[in-house]
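predicted model, plus sequence, below.
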Amino acid sequence: MLVELNDSTPVSPLYHFTREEGLRGILTGQRPWFFSHLQQSDKREFEYALGVARQVLREVGQTGDFLMDNFCACVDDMIETSGLASPFEFYLLSLSSHRDHPPQWQQYGDGGRGYAIGFAPSLFQPDRDELYDEANKNLHVGRVIYGDAATAARHRLSIASAAEITSRIGNEQPELVRQAP
C-alpha cells in the first residue's frame with residue numbers, strides 16, 4: 001500500500017467539481033465531503049473493479065497451497081455475499097487532473113454553473129512512512145486505473161501478498177488454523 005501510495009501521489013493540482021451547495025458545505029466544514037462507496041452515482045465503476053478482483057482471487061486461489069487457496073475462496077465468497085458492504089467501510093472523494101473538463105462540469109459541476117476546487121499536491125503527500133496497525137486508520141490516495149489488464153495487475157499485487165501472508169502465518173502457527181471455525 002505504501003509503495004502504491006508513493007507511486008500515485010499527485011505532483012500537480014487535482015480538481016473537485018461540485019455544485020454551489022457542495023462548495024458551501026466544504027467551506028463551512030473546512031473539509032471536502034467523502035462519500036461511501038455504497039453511494040457512488042455510477043455503481044458500474046465499483047462493480048467493474050469488484051468483478052476484476054474476483055477473477056484475480058479465483059486465479060490466485062489455484063496455487064495448490066491449501067491456505068492460500070482457501071483465503072482466496074473465502075474472500076471471494078465474502079464479496080459474493082456482501083459486496084464489501086459489511087466487512088469494509090471506505091469513503092471516496094472524486095478528483096480530476098483536468099481543471100476544465102466538460103464531462104466533469106456536466107455531471108458534477110451543475111452543468112457548468114458549479115465550481116472546480118483545486119487542491120495542491122502537497123495535501124496528498126504521505127505524512128507517515130509506515131502503516132497503522134489498525135487498518136481503518138490508514139489513508140490511501142490512489143488513481144483509478146482503467147483497463148482489465150492494468151486493473152487485474154493492481155489487484156493481483158495485494159491479493160497475492162495477502163494470500164501469501166495468510167499461508168505463511170498459518171503454516172508457522174497451525175494451532176491458530178485448527179482453532180478457526
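Great, that's in hand.

need the per-residue pLDDT for residue 178.
Note for residue 178: predicted pLDDT of 79.

measure it to residue 149 for me?
Taking C-beta to C-beta, to the nearest Å as the measure, residue 178 falls 39 Å from residue 149. Placement of C-beta: from N, CA and C, glycine included.

so how far is residue 125 from residue 13?
Residue 13 is 13 Å from residue 125, by C-beta to C-beta.

just confirm residue 8 contacts residue 145, I think it does.
No. Applying C-beta atoms under 8 Å, one finds residue 8 not in contact with residue 145, separated by 9.3 Å.

list the contacts for residue 96?
Contact analysis of residue 96 by C-beta atoms under 8 Å, 6 or more residues apart in numbering lists 14, 15, 16, 17, 104.

most neighbours of all these, which one?
Within the contacts of residue 96, most neighbours by other C-beta atoms under 10 Å means residue 17, with 24 neighbours.

remind me what the strand or helix carrying that residue packs against, helices and strands.
In the assignment (DSSP states H and E), residue 17 maps to strand 14-18. The helices and strands touching strand 14-18, judged by 3 or more C-beta pairs under 8 Å, 6 or more residues apart in numbering; DSSP states H and E, are helix 102-107, strand 115-119.

chain center to stretch 19-35: distance?
Stretch 19-35 sits 22 Å away from the centroid of its parent chain (C-alpha atoms, centre = their mean, to the nearest Å).

could you export that stretch as CSV, CA atoms only?
The C-alpha trace of stretch 19-35 is given here as CSV (Å, rounded to 0.1, in the frame of the first residue of the first chain):
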residue,chain,number,x,y,z
ARG,A,19,-22.5,22.4,-7.1
GLU,A,20,-22.9,25.6,-5.1
GLU,A,21,-24.3,23.7,-2.1
GLY,A,22,-21.3,21.3,-2.2
LEU,A,23,-18.9,24.3,-2.2
ARG,A,24,-20.8,25.9,0.8
GLY,A,25,-20.5,22.6,2.7
ILE,A,26,-16.8,22.4,2.0
LEU,A,27,-16.2,26.0,3.1
THR,A,28,-18.4,25.6,6.2
GLY,A,29,-16.9,22.3,7.3
GLN,A,30,-13.4,23.3,6.1
ARG,A,31,-13.1,19.8,4.5
PRO,A,32,-14.5,18.1,1.5
TRP,A,33,-17.3,15.5,1.8
PHE,A,34,-16.2,11.9,1.3
PHE,A,35,-18.9,9.6,0.2
